[in-house]
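K.L.:
Mind looking at a prediction? Sequence and model below.
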Amino acid sequence: MKKSFYRVLLSMMIIAVLCASSAWPLDLHTWSEDEMTTLKSLWIGSLPPVPADPSNKYSVDPKAVAFGKKLFFDNRLSGNLKVSCATCHPANMNFADNLPLAHGMGTTTRRTMPLIGMAYQTWLFWDGRKDSLWAQALGPIESPVEHGFTRTQCASIIIEHHKKDYEELFGPLPALSKRDLPASAKPSPEEPSALKAWVSIPRDKKKAINRIYTNMGKAIAAFVQTIMPTPSRFDDYVEAALKNDFSRMVKTLANDEVKGLRLFIGKAKCTNCHSGPLFTNGEFHNIGLTQPENLPPDAGRSDAIAKVLADEFNCMSEYSDARRADCSELRFIDTDTYKYIGAFKTPTLRNVAERAPYMRAGQISTLEKVLEFYRDLKPGQRSADLEHGELNDLQLQQLEAFLRTLSAPLDFAK
């Protein structure tokens, strides 16, 4: 009898100790109704269908996807025949490189932006200077430090190497002779000789060249639109939670990972900016990060507002397939340039652990240091969006453990 009594007493004491501990699974994996709503909002199963792009009528055409993939990996679309879109966005590295600053023909002033789920984004690039995937695809081609190419050279490559694919999708190529396609021609005020060569081309020929160029962008965009995340361990955990499968929840995430998740949606307030299934609100924030001394001043979104409004390839341009009424984001863009000085786009956190270094110019080398940066911001350096509460070193480790659960292979058109 005494032995039974002591066994019961010992069991009760063990249960009491476990219940008092934050590691007790039942307590750790129990979520309130509000917390479950937040978890579901971050779950990949809540990702809606890819929104239609009215400015690109080819965006879901399988032929455009296949043609765009060829162009994405084509090194001939560069001044040295060595650079393609995949140079900075290699498929085997989550479509983002591991350099602090992107490098093509030369070195840029910003980090390569991840392409995961970009079809859901309104504004493209770190500063949002483009308003569609196809317009974004065109920018690097004529950049001297990226592809170092011109739209006239692109037209020549299409005519010489991609005629069949192009015409099956977009119809007959316009009649353009070699004389109509001077290699150095592009409308770049920063490059007077290239601008002079472009201005010398007859107006109808320039329009034909621009049409080939924009169609290239639309095909590349159709491929990039297929680059999507797949369910990560975090998503498996949320799915188990939605099904009340406690056993699966415990097996899917470790205790520190769950504690990090609790911090992420709670005390650390990370969802102020990293919300939704792609873990980004798609907005622009000045996070108080110092511009590297070896780089020129960068006003970010503030300077990009005028650029996207004046872009020859924006949603309301003659090369867009959209009606003016379809371009509400551009028509009602927030033009408060002062508000956006030093503000940059919030990137997705999907696969974030796989793509160091971090921030717009690769200023921070590890996830650990990113979290320390946010934690250590002084009150005068951060806005209400960046108020992360008082977090200790252990909690930062738990947050990092959670962020690593967001990694998973990417899905894209093969």
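P.N.:
Perfect, thanks for sending it. Just so it is clear, the model here is predicted, and its values are computed rather than measured. Numbering: from 1, shown residues only.
K.L.:
Could you use CA atoms for every contact and neighbour count after this?
P.N.:
OK.
K.L.:
can you give me the strands for the chain?
P.N.:
228-229, 284-285, 344-345, 410-411 (DSSP state E).
K.L.:
taking these together, which one is wrapped up most tightly?
P.N.:
Counting by mean count of other Cα atoms under 10 Å, strand 344-345 has the highest mean neighbour count of those, with a mean of 24.
K.L.:
Need the residues that contact it.
P.N.:
Outside strand 344-345, the residues within contact range by Cα atoms under 8 Å, 6 or more residues apart in numbering are 125, 126, 127, 128, 282, 283, 284, 285, 286, 300, 301, 360.
K.L.:
rewinding a little: what would the strands of the chain look like in CSV with distance to residue 34 and mean pLDDT?
P.N.:
Shown next, in CSV, are those (distance: least, Cα to Cα, whole Å; pLDDT from 0 to 100):
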stretch, distance to residue 34, mean pLDDT
strand 228-229, 25, 98
strand 284-285, 26, 95
strand 344-345, 27, 96
strand 410-411, 30, 97
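K.L.:
Quick one: closest of those strands to residue 292.
P.N.:
Closest approach to residue 292 among these is made by strand 344-345 (14.9 Å; Cα to Cα).
K.L.:
Note down every partner strand of the closest one and its orientation.
P.N.:
Here strand 344-345 is paired, per DSSP bridges, with strand 284-285 (antiparallel).
K.L.:
Need the strands of the chain in TSV (columns: distance to residue 161).
P.N.:
Output for these, formatted as TSV (distance: least, Cα to Cα, whole Å):
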stretch	distance to residue 161
strand 228-229	29
strand 284-285	40
strand 344-345	36
strand 410-411	28
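K.L.:
Minimum distance to residue 69: which of these has it?
P.N.:
strand 410-411 (13.7 Å).
K.L.:
How far off centre is the closest one?
P.N.:
Distance, stretch centre to chain centre, for strand 410-411: 14 Å (Cα atoms, centre = their mean, to the nearest Å).
K.L.:
and that strand, what does it pack onto?
P.N.:
Strand 410-411 is packed against strand 228-229, with contacts defined by 3 or more Cα pairs under 8 Å, 6 or more residues apart in numbering; DSSP states H and E.
K.L.:
tell me what the strand it packs on is packed against?
P.N.:
Using 3+ Cα pairs under 8 Å, 6+ apart, the elements in contact with strand 228-229 are strand 410-411.
K.L.:
Just the residues contacting the strand it packs on, thanks.
P.N.:
Counting by Cα under 8 Å, 6+ apart, 94, 116, 226, 227, 228, 229, 230 sit against strand 410-411.
K.L.:
10 Å instead?
P.N.:
By Cα atoms under 10 Å, 6 or more residues apart in numbering, the list of residues contacting strand 410-411 from outside reads 91-95, 116-117, 226-231, 350-351.
K.L.:
quick one: which of those residues has the most company?
P.N.:
Neighbour counts for the contacts of strand 410-411 (other Cα atoms under 10 Å) peak at residue 350, which has 28 neighbours.
K.L.:
so what's it scoring on pLDDT?
P.N.:
At residue 350, the model reports a pLDDT of 98.
K.L.:
Correct me if wrong: residue 292 contacts residue 100.
P.N.:
No. Contact criterion Cα atoms under 10 Å: residue 292 and residue 100 do not qualify, at 11.0 Å.
K.L.:
and residue 276, how many neighbours does it have?
P.N.:
20.
K.L.:
Identify all residues paired with the residue lying closest to residue 344 once chain neighbours are set aside through a beta bridge.
P.N.:
The spatially closest residue to residue 344, leaving aside those adjacent along the chain, is residue 284, at 4.7 Å (Cα to Cα, 6 or more residues apart in numbering). Using DSSP bridges, the bridge partners assigned to residue 284 are residue 345.
K.L.:
ok, residue 284 - contacts?
P.N.:
123, 126-128, 273, 300-302, 339-347.
K.L.:
rewinding a little: quick check: which of the strands of the chain is nearest to residue 401?
P.N.:
Of all the strands of the chain, strand 228-229 comes closest under Cα to Cα, at 19.1 Å.
K.L.:
Need the residues that contact that closest one.
P.N.:
Applying Cα under 10 Å, 6+ apart, the contact partners of strand 228-229 are 44, 50, 94, 115-119, 277-278, 350-351, 406-413.
K.L.:
one more time with 8 Å
P.N.:
Surrounding strand 228-229, the residues in contact under the criterion Cα under 8 Å, 6+ apart are 116, 117, 350, 408, 409, 410, 411, 412.
K.L.:
Could you do stretch 30-42 as well?
P.N.:
By Cα under 8 Å, 6+ apart, stretch 30-42 touches 46, 238, 242, 265, 275, 276, 277, 278, 279.
K.L.:
quick one, what contacts residue 118?
P.N.:
Counting by Cα under 8 Å, 6+ apart, residue 118 has contacts 133, 224, 225, 227.
K.L.:
what's the farthest-apart pair in the contacts of strand 344-345?
P.N.:
Checking the contacts of strand 344-345 with Cα to Cα, the most distant pair is 125 and 286, at 15.3 Å.
K.L.:
Which of the two has more residues huddled nearby?
P.N.:
Neighbours were counted for residue 125 and for residue 286 using other Cα under 10 Å; residue 125 has more, 24 against 21.
K.L.:
where do the helices sit along the stretch 201-350 of the chain?
P.N.:
Per DSSP state H, counting those that start in this stretch, the stretch 201-350 of the chain carries helices over the ranges 203-224, 233-242, 246-252, 255-265, 301-310, 328-331.
K.L.:
What is the first one packed up against?
P.N.:
Right, helix 203-224. With contacts defined as 3+ Cα pairs under 8 Å, 6+ apart, helix 203-224 has these neighbours: helix 62-72, helix 133-138, helix 151-161.
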